[in-house]
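>>> I would like the atomic coordinates for the input below:
(chains A, B, C and D)
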Amino acid sequence: MTLLLRHGASLVPVFDPNVVTHIIISGRDCGSGKVADKAGYKKMSDVPLSIPTLTWDWIADGISFGKMPEHWDAGGKYIAFPERSQRNSKSDASVSNANARSTIAKKVQTNLERRKYRWANTSKATVVSGTPPIVPEAISGAESGVSVQCDKDDPLAEFYEAAAAEHFERVSARESDDDDSDPGPSKNAKKFAAQFTCDNPHPGPVGGCPNQDIVDQLSTLLDLVKCQPGPEPRQRAYTYSRAISSLRAHPKRIKSFEDAKRLPGVGERTASKIMEIIQTGGLERIKHENSESVQVVKLFQGIYGVGQNTAQMWYNNGCRTLEDLKTNPRIVLSDAQKVGIQFYDDINDRMPRAEAGALFELIKPIALSIDPALFVEIMGSYRRGKADCGDIDILISRDPSDGRTHEGILQELLERLVQAGIVTEHLALPGDFEDLENCYRGLCRLPNVAGSKRRRIDFLTVPWKNKGGALLYYTGDDIFNRSMRYKASTMGFSLNQRGLSAGVVRDPSRRSIKLNKGNIVASETEEEIFKMLNIKYRPPHERVTHFK
DNA sequence: CAGTAG
DNA sequence: GGGCCTTACTG
DNA sequence: GCCC
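Numbering: from 1, shown residues only, chains lettered A, B, ... in the order given. Model (predicted):
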């Protein structure tokens, strides 16, 4: 609170709608009734909508993020009382791109019919979005590199900047709340918001990575190695990935061979490469590996649904360009690959974090409008706090203690998202929409933002009891997951998206074959899984590199 | 089943 | 020298 | 390519 005051905010003892600009909700036991009461109203709905009610995380996150204007508009995340924002904004996502929509609707239908599932006829009403209309504008502004308008409208704009500046001088600005031992309704929300922040002392964008040049060079090499056929390059690529993870997580500049070799996952060979990069700025090996075939294979592997083998095969067939693939009669493309080619550039582009957030804030209220009791969270690199995201992973579940589940929700949600012009193409549909555990892959875009790109999006649904396993799994990163699962397997466990199982019996000759699947021993929360594996709990933004 | 994805 | 994660969907 |  002192922070707020020091930066020009003033505290008023008596609520006056003509004076008050923001209501910050602090504390876990602060129901809407209490707030309304303090403000002198009978109920929350009487508080003018022009005055936002925001959580303390709005301040805390903003301080951590520094200048990210769009962050402040990132929608419902900081809204203390969602119902207020629901009323606040009607859908402006009801138009746009009718052609794409009908195409996709038709496609969904045929796909579903083939699988003998009913696709409820969708001519339902408009979708209500909880995202203020300002969000798409903030995004387009951000993309064109302009510092955005929300500052103008925001009386606390100066405070944000000053607070952000202060944050970089003093690492932890968090002086109130935060005791995780305390249960209660606000725990989840608070915790998630806190985990999204990038105020970690370890890796991450704060201050930038001191070894970025090394990371870039090794990443280039990694990309080239990944394109080579056979299992050996794949293992080498995995090794490079681990070394790169290690470098990213290392807070200090590597100066010597010994420095490099001390990093986990870095041995003699990689340490030598690191020295070459430090001394010459580049790697001879990169030029050496960068043959024509590798370049073409890399191009083809950029297509969704095309891997090493297919790409190499097409190269051997004489194909050299994406156009070749479309015209060569010998090449048969899957539906997903066709989409992959059509939106090649979009799919291979990473999106700004704010765009992922904006898409999620469009999607979440639509899901909640189907069933307000749903658990809906954004996972992947977004949850790890990365500044840009390759795709959007959304996890859906539901506490069944009231006797209801999220069965059928995904189908309904997709239907509405297609109608809203948010989901535009499908890549892979779940085997059975009636299952509680499902996996969907497709493309989406911000509707009503001219020229918005197609982005990869995945929806995952899991039974409530597996939520912890799913959170862990779908938060990643990849290296961290593989490392953790490997450790589990060496300890006689097996870790997957459903949780941690004990008593797993593996085929001695092929360890990947499980003779006995064992019993789940931890799956409700991430913490219990860490504990069972004897790994110190790490919040999402620290989940890079694990080893051992 | 191999290939691909995450 | 042997291991390097695990499961689901696609055709 | 790294690690046990």
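>>> state the distance from the residue of the stretch 251-400 of chain A found nearest DNA strand B to A:Gln337.
Nearest residue of the stretch 251-400 of chain A to DNA strand B: A:Gly307, at 2.3 Å (Cβ to the nearest atom of the strand). The way it works is simple: take the backbone N, C-alpha and C, and place the C-beta from them, glycine included. Separation of A:Gly307 from A:Gln337 (Cβ to Cβ, to the nearest Å): 11 Å.
>>> next one: the residue of the stretch 251-400 of chain A closest to DNA strand B from A:Pro229, what distance?
Distance, A:Gly307 to A:Pro229, using Cβ to Cβ: 10 Å.
>>> more crowded one of these two?
Neighbour count, other Cβ atoms under 10 Å: between A:Gly307 and A:Pro229, A:Pro229 has more, with 16 against 11.
>>> so that one touches A:Asn309, yeah?
Yes - counting by Cβ atoms under 8 Å, A:Pro229 touches A:Asn309, with 7.2 Å between them.
>>> which SS state does A:Ser377 fall under?
Actually, residue A:377 is Glu. It isn't Ser. When classified by DSSP: H, G, I helix; E, B strand; the rest coil, A:Glu377 comes out as strand.
>>> any idea what it is bridged to?
Bridge pairing for A:Glu377 (DSSP bridges) gives the partners A:Leu395.
>>> what is the burial count for it?
21.
>>> residues in contact with it?
Residues in contact with A:Glu377 (Cβ atoms under 8 Å, 6 or more residues apart in numbering) are A:Phe192, A:Arg383, A:Ile394, A:Leu395, A:Leu471.
>>> return the residues of chain A in contact with DNA strand D.
A:232, A:235-236, A:238-240, A:242-243, A:264-271, A:548 (Cβ under 7 Å from any atom of the strand).
>>> which of those residues fall in helices?
In helices, judged by DSSP state H, the following of these are found: A:Glu232, A:Gln235, A:Arg236, A:Tyr238, A:Thr239, A:Tyr240, A:Arg242, A:Ala243, A:Glu268, A:Arg269, A:Thr270, A:Ala271.
>>> so which of these is the most crowded?
Ranked by neighbour count under the definition other Cβ under 10 Å, those are headed by A:Ala243 with 27 neighbours.
>>> all strands for chain A, in order.
A:23-25, A:53-55, A:351-352, A:374-378, A:388-389, A:391-398, A:423-428, A:438-444, A:455-461, A:494-496, A:499-502, A:505-506, A:514-516, A:519-522 (DSSP state E).
>>> dump these into JSON lines; add distance to A:Leu247 and mean pLDDT as well.
Shown next, in JSON lines, are those (distance: least, Cβ to Cβ, whole Å; pLDDT from 0 to 100):
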{"stretch": "strand A:23-25", "distance to A:Leu247": "39", "mean pLDDT": "42"}
{"stretch": "strand A:53-55", "distance to A:Leu247": "35", "mean pLDDT": "40"}
{"stretch": "strand A:351-352", "distance to A:Leu247": "24", "mean pLDDT": "97"}
{"stretch": "strand A:374-378", "distance to A:Leu247": "27", "mean pLDDT": "97"}
{"stretch": "strand A:388-389", "distance to A:Leu247": "18", "mean pLDDT": "94"}
{"stretch": "strand A:391-398", "distance to A:Leu247": "23", "mean pLDDT": "97"}
{"stretch": "strand A:423-428", "distance to A:Leu247": "32", "mean pLDDT": "97"}
{"stretch": "strand A:438-444", "distance to A:Leu247": "30", "mean pLDDT": "97"}
{"stretch": "strand A:455-461", "distance to A:Leu247": "26", "mean pLDDT": "97"}
{"stretch": "strand A:494-496", "distance to A:Leu247": "26", "mean pLDDT": "94"}
{"stretch": "strand A:499-502", "distance to A:Leu247": "29", "mean pLDDT": "94"}
{"stretch": "strand A:505-506", "distance to A:Leu247": "33", "mean pLDDT": "86"}
{"stretch": "strand A:514-516", "distance to A:Leu247": "34", "mean pLDDT": "85"}
{"stretch": "strand A:519-522", "distance to A:Leu247": "31", "mean pLDDT": "93"}
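>>> now those as a markdown table including distance to DNA strand C?
Below are the strands of chain A laid out as a markdown table (distance: least, Cβ to the nearest atom of the strand, whole Å):
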| stretch | distance to DNA strand C |
| --- | --- |
| strand A:23-25 | 40 |
| strand A:53-55 | 35 |
| strand A:351-352 | 24 |
| strand A:374-378 | 19 |
| strand A:388-389 | 20 |
| strand A:391-398 | 14 |
| strand A:423-428 | 4 |
| strand A:438-444 | 5 |
| strand A:455-461 | 10 |
| strand A:494-496 | 4 |
| strand A:499-502 | 7 |
| strand A:505-506 | 8 |
| strand A:514-516 | 6 |
| strand A:519-522 | 11 |
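>>> residues contacting A:Ile341?
A:Ile303, A:Leu322, A:Leu325, A:Lys326, A:Leu333.
>>> in a markdown table: the strands of chain A, plus distance to A:Arg482.
Formatted as a markdown table, those follow (distance: least, Cβ to Cβ, whole Å):
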| stretch | distance to A:Arg482 |
| --- | --- |
| strand A:23-25 | 40 |
| strand A:53-55 | 35 |
| strand A:351-352 | 25 |
| strand A:374-378 | 22 |
| strand A:388-389 | 20 |
| strand A:391-398 | 17 |
| strand A:423-428 | 22 |
| strand A:438-444 | 19 |
| strand A:455-461 | 18 |
| strand A:494-496 | 10 |
| strand A:499-502 | 15 |
| strand A:505-506 | 17 |
| strand A:514-516 | 17 |
| strand A:519-522 | 19 |
